[in-house]
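Asker: would you be able to build a 3D model of this:
(3 chains)
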Amino acid sequence: MGVGIQVTNLNAWYGTNHTLLDINLHIPANQATALIGPSGCGKSTFVRCLNRMHETNPIAKVSGSVQIGEVDIYADASPVEIRRRIGMVFQRPNPFPTMSIYDNVASGLRLNGFRNRRVLDETVERSLKHAALWDEVKNDLKKKSGASLSGGQQQRLCIARALAVDPEVLLMDEPASALDPVSTAKIEDLIFQLKSQYTIVIVTHNMQQAARVAERTGFFLNGKLVEFDSTHKIFTNPGDKRTEDYITGRFG
Amino acid sequence: MNFKIQDVRVPAPSDAPLHASPDALSVALPAGSGEPSAIRKFLLGRGSSAMADKGFGWLMLLCAFSIFGIVALIATELILRSQMTISKFGLKFFFDSAWDPVNGNFGALPFVYGTLMSSLVALVIAVPLAVGVSIFITEMCPGFLRGPLSFLTELLAAIPSVVYGLWAVFILVPLLREHVDPILMRVLGWSGLFVAPDFGVHMLSAGVILSIMILPIISSLTREVMTSVPHSQREAVLALGATRWEMIRMGVLRNARIGIVGSIILGLGRALGETIAVTMVIGNNPQIVKNLLAPGYSMASVIANEFSEASDDMYRSALIEIGLALFIVTIIVNALARILVWAVTRGAPARVA
Amino acid sequence: MTQTKFSAANRFRRTVVNHLASGLAVLSTILVVAPLIAIFIYLLYKGASSLNLAFFTQAPKPVGESGGGMANAILGSGILLIIGSLLGVPIGIAAGIFLAEYGRGSKLANIVRFTADVLNGVPSIVMGIAIYSLIVLPQKHFSALSGGIALGIMMIPTITRTTEEMLLMVPHAVREAALGLGVPTWRAVLSITLRTASPGVITGCMLAFARVAGETAPLLFTAFGNNFWSANLNEPIAALPLQIYVYALSPYDEWHRLAWAGSLVLIVLIVVSVSLVRYVTTRGVLKGAS
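Answerer: Residues are numbered from 1 along each chain as shown, chains lettered A, B, ... in the order given. This next block holds a predicted model:
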């Protein structure tokens, strides 16, 4: 089951560039939370701070605290342990090119030393079903490479791969921005179904998408969280002039 | 608030999925709330593996640094083991032409001369050919020939030096002695470079076999440099009504010339250190004569021939000092070549005023 | 009027020069390809006629007796190459991993890269005397081990540089995917990045292998050569290139024939590996990675 996320005084830097300024918010469990804003506003950096991917860049720095469930991810555990509890889906589909579909989904478990064949088989099937890809690939799980699928299928494969490690939180960094409309619709359906079991944080530059899938929406601008509220409130009655400008398209 | 919201549909909190697929919801979910699933329990127990990561990183660093260590070790070993002759003869070692191990006289000039002369001959033959081949492959060759031709030149680079030597001893040397040397003596005898007596194994045969061996290096790098010349340069020259040759000369060769010089120097580096094939055909006679049809000796060859019979320490030290000199010269030559090639292929200004 | 005449003559001259230059380019291509073909023809002609079963099963016979083969040298080369690969492949790949995954852009990486180029340019005869001074002299005897080490060291720079290049071609997104799953760095590097780049890395290893398989000079004062069967790592050992070298310079026709046969075997080995490498690289096995 998903857990809530409490972010307190989060700051992030790339080199001398201060990309996140004093972010405070609470992301509720088992809901989808959308983060919107113009490109370069810090929304991607923000989700990458939630599973400590931000620090894989050697010039990146971070301060503040992020509490996921009971765990303060910057104080209580190593990045590797944190990333095992938090799934991430990236902007461009990135299946492992040399692996079959099966191996891709099983990779998170296998590469962490999990060997039980029976559980692996079950997990791969369940994850692919969760990612609504099972019916399309069940006949050539081990024959086809992950890279041979279409873009939309690849992205669902990546979602299945993230689900296979049974995460508590699922982070999605513009998961549909590289996909066609039909594939995008499928991903959105998926988010709808998954949020009953996982806490989902989705970054998007597409406001309609945020409105369709998320209970709560946050608006980022220039590294600051301008407004965070229920999606309904943000899109019908925003409290801040800048939010209003952005969602009505009067921006920049 | 009275602004309008366009195209944004807001689902009511109880909204059903937009395109619900019946399959996904009927799937059994992981173990219910509270109790973590088997997979989660397993992953939680895996630890941080920080130690393994750190160890792996250090191991990679160690291996990388071992390359530096090996080169340093080679250098110190060569310097230490040649101390004896360095302190006894100093720089005079390389300017003295008396090589007389029996009486303890060691002068490396004949070998230096042989190495430089055979490499020079090799360059004179190989450079025009290599540039010609590169022009043919990059600018003129029909597409279907390009692959096989570059593969053939690659193969030329992969043939071991001892096989070149074998071929040179039994095919090239007789061929030169019977058909090429007489013509050279007749036509160019006046220059003093080609005069009788002809021994068959001589400086020229060493130069020819070296030229075949360094051709692939020069031509593959020249090709690389020439293809890196932007297409716009060619078009600019062609647009002025130039013929193909003028386009190649002005649009390609002029822009690539520093890189080509770099590739020639790299070929020189290979020629200076080449051992086996040269040893088999150069004649192994430490003398300094202008005649290319007389036997000579090179630095690498003298090491190959005499090192295992070098009985006393001074003799061995002299040979190791020759090796040290080769080592230093090839480092300088290679570094120079890399800098030149790098300057062109990295898109730095191709022309240095 | 004179103007037109001049430009007509000029155009004629330019056309002639153009054709002349093209002709020279074609001629030089022929001159380059000719020796290669000549070498192969002679190898096949002289080598194939001396190849027989005995060549692959027997050690050399003493001077005067006909027959015999180079089986001991083939075995010796195999042993030397195994020692060389055991040393050169892991160190070369590890150093390549360091350059691509850990040292990107750092000063240390530049030093390592430059010394790898230096090592690549060290003349093989110099490598021979260096290993002689480092291993043979202290041990007081020639050995297979010292020869294998010399070959291994010569393999390292080629493997390191190709490994680095191939790892850099692996998209960053693939690395991120692995780290995002909570896979430890070492595991991500070995099982994901290196595995994705493996066709290219194997190519580099094969190239290095083919290059040292034909080396003679570094073995002269290390492996030294041996006319008899030996698999003892602490004794002198025969090697195919060494045997060819000695036989080619001998005065006996029988030995010359064996030298040609040995060269043919060596060349076939090398051509097969180079062709394999070319097949793998032009097939673009890495394309799936983009």
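
Asker: every contact and neighbour count from this point should use C-alpha atoms.
Answerer: Noted.

Asker: who's in contact with the residue lying closest to residue B:296 once chain neighbours are set aside?
Answerer: Distance criterion Cα to Cα, 6 or more residues apart in numbering or on different chains; nearest residue to residue B:296, sequence neighbours excluded, is residue B:285 at 4.9 Å. Neighbouring residues of residue B:285 by Cα atoms under 8 Å, 6 or more residues apart in numbering or on different chains: B:295, B:296, B:297.

Asker: give me the subset of those lying in helices.
Answerer: In helices, defined here by DSSP state H, there are no members of the contacts of residue B:285.

Asker: kindly reformat these as CSV containing neighbour count and pLDDT.
Answerer: Listed next are the contacts of residue B:285 as CSV, based on neighbours: other Cα atoms under 10 Å in any protein chain shown; pLDDT from 0 to 100:
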residue, neighbour count, pLDDT
B:295, 25, 93
B:296, 30, 93
B:297, 28, 95
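
Asker: ok, those vs residue A:151, which is closest?
Answerer: Residue A:151 lies nearest to residue B:297 out of the contacts of residue B:285, by Cα to Cα, at 65.3 Å.

Asker: okay, now the residue nearest to the closest one when sequence neighbours are not counted: neighbour count?
Answerer: Distance criterion Cα to Cα, 6+ apart; nearest residue to residue B:297, sequence neighbours excluded, is residue B:284 at 4.6 Å. Counted by other Cα atoms under 10 Å in any protein chain shown, the residues lying close to residue B:284 total 21.

Asker: flag every residue of the stretch 51-200 of chain A that's near chain C.
Answerer: Counting by Cα under 8 Å from any Cα of the partner chain, the residues of the stretch 51-200 of chain A close to chain C are A:51, A:53, A:79-88, A:90, A:92, A:94-98, A:108, A:111-112, A:147-148, A:162, A:165.

Asker: returning to that earlier point: before we move on, what SS does the residue nearest to residue B:297 have?
Answerer: coil (DSSP: H, G, I helix; E, B strand; the rest coil).

Asker: chain A: which of the contacts of residue B:285 is nearest?
Answerer: residue B:297 (53.7 Å; Cα to the nearest Cα).

Asker: residue B:287 is in contact with that closest one, correct?
Answerer: Yes: counting by Cα atoms under 8 Å, residue B:297 does reach residue B:287; the two are 7.4 Å apart.

Asker: overlap of the contact sets of the two?
Answerer: Residues touching both residue B:297 and residue B:287 (Cα under 8 Å, 6+ apart) are residue B:110.

Asker: and the strands in the stretch 51-200 of chain B, which stretches?
Answerer: Along the stretch 51-200 of chain B, counting by DSSP state E, counting those that start in this stretch, strands occupy B:99-100, B:105-106.

Asker: ok, back up a step: my guess is the residue nearest to residue B:297 meets residue B:295, correct?
Answerer: Yes: Residue B:284 is in contact with residue B:295 according to Cα under 8 Å; the separation is 6.4 Å.

Asker: circling back to that earlier point, could you measure from the residue nearest to residue B:296 over to residue B:158?
Answerer: Going from residue B:285 to residue B:158 by Cα to Cα, to the nearest Å gives 29 Å.

Asker: ok, now residue C:42?
Answerer: 17 Å.

Asker: looking at these two, which is more packed in?
Answerer: Per other Cα under 10 Å, whichever of residue C:42 and residue B:158 has more neighbours is residue B:158, with 21 against 16.

Asker: distance of that one relative to residue B:337?
Answerer: 21 Å.

Asker: ok, now which ones touch the closest residue in space to residue C:185 that isn't next to it in sequence?
Answerer: The shortest distance from residue C:185 to any non-neighbouring residue, by Cα to Cα, 6+ apart, is to residue B:53 (5.9 Å). Residue B:53 makes contact with C:184, C:185, C:186, according to Cα under 8 Å, 6+ apart.

Asker: closest one of those to residue C:154?
Answerer: Checking the contacts of residue B:53 against residue C:154 by Cα to Cα gives residue C:186 as the nearest, at 26.9 Å.

Asker: what helix or strand does that closest one sit in?
Answerer: Per DSSP states H and E, residue C:186 falls inside helix C:185-187.

Asker: now swap in residue A:182 and tell me
Answerer: Assigned by DSSP H and E, residue A:182 falls within helix A:181-194.

Asker: from the contact counts, what lies against that helix?
Answerer: Helices and strands touching helix A:181-194, by 3 or more Cα pairs under 8 Å, 6 or more residues apart in numbering or on different chains; DSSP states H and E, are helix A:151-164, helix A:207-213.

Asker: residue B:117 is nearest to which of these?
Answerer: Using Cα to Cα, the helices and strands packed on helix A:181-194 put helix A:151-164 closest to residue B:117, at 61.8 Å.

Asker: list the buried residues in the closest one.
Answerer: A:151-164 (16 or more other Cα atoms under 10 Å in any protein chain shown).

Asker: for chain B, state which of the residues you listed is nearest.
Answerer: Distance to chain B, by Cα to the nearest Cα, is smallest for residue A:164 among the buried residues of helix A:151-164, at 8.7 Å.

Asker: which residues touch the closest one?
Answerer: Residues in contact with residue A:164 (Cα under 8 Å, 6+ apart) are A:105, A:106, A:108, A:109, A:123, A:124, A:127.

Asker: from the strands of the stretch 51-200 of chain B, which stretch is densest packed?
Answerer: Neighbour counts (mean count of other Cα atoms under 10 Å in any protein chain shown) averaged over each of those peak at strand B:105-106, with a mean of 20.

Asker: give me the contact list for that one.
Answerer: The contact list for strand B:105-106 (Cα under 8 Å, 6+ apart) reads B:93, B:96, B:98, B:99, B:100, B:315, B:318.

Asker: try it again at 6 Å.
Answerer: Strand B:105-106 is touched from outside by residue B:99, with contacts defined as Cα atoms under 6 Å, 6 or more residues apart in numbering or on different chains.

Asker: interface residues of chain B facing chain C?
Answerer: Within chain B, the positions near chain C by Cα under 6 Å from any Cα of the partner chain are B:53, B:60-61, B:63-64, B:68, B:74, B:129, B:132-133, B:136, B:160, B:163, B:245, B:273, B:323, B:331.

Asker: only the buried subset of those residues, as a ChimeraX command please.
Answerer: A single ChimeraX command selects the buried members of the residues of chain B next to chain C (16+ other Cα under 10 Å):
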select /B:60,61,63,64,68,74,129,132,133,136,160,163,245,273,323,331
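
Asker: counting neighbours, what do you get for residue B:102?
Answerer: The tally of other residues near residue B:102 (other Cα under 10 Å) stands at 9.

Asker: can you name the residues that contact it?
Answerer: By Cα under 6 Å, 6+ apart, residue B:102 lies in contact with nothing.

Asker: the closest residue to chain A within the stretch 151-290 of chain C and chain B, how far apart?
Answerer: Relative to chain A, the nearest point of the stretch 151-290 of chain C is residue C:182 (4.4 Å; Cα to the nearest Cα). Note on residue C:182: its distance to chain B, by Cα to the nearest Cα, to the nearest Å, is 9 Å.

Asker: isn't that residue right up against residue A:82?
Answerer: No: contact criterion Cα atoms under 6 Å: residue C:182 and residue A:82 do not qualify, at 7.1 Å.

Asker: which residues in the stretch 1-150 of chain B form helices?
Answerer: B:22-26, B:38-44, B:50-81, B:83-89, B:109-135, B:143-158 (DSSP state H, counting those that start in this stretch).

Asker: now, of these, which is deepest in the fold?
Answerer: Comparing these by mean count of other Cα under 10 Å gives helix B:109-135 as most buried, with a mean of 24.

Asker: that's all I had, so thanks and see you.
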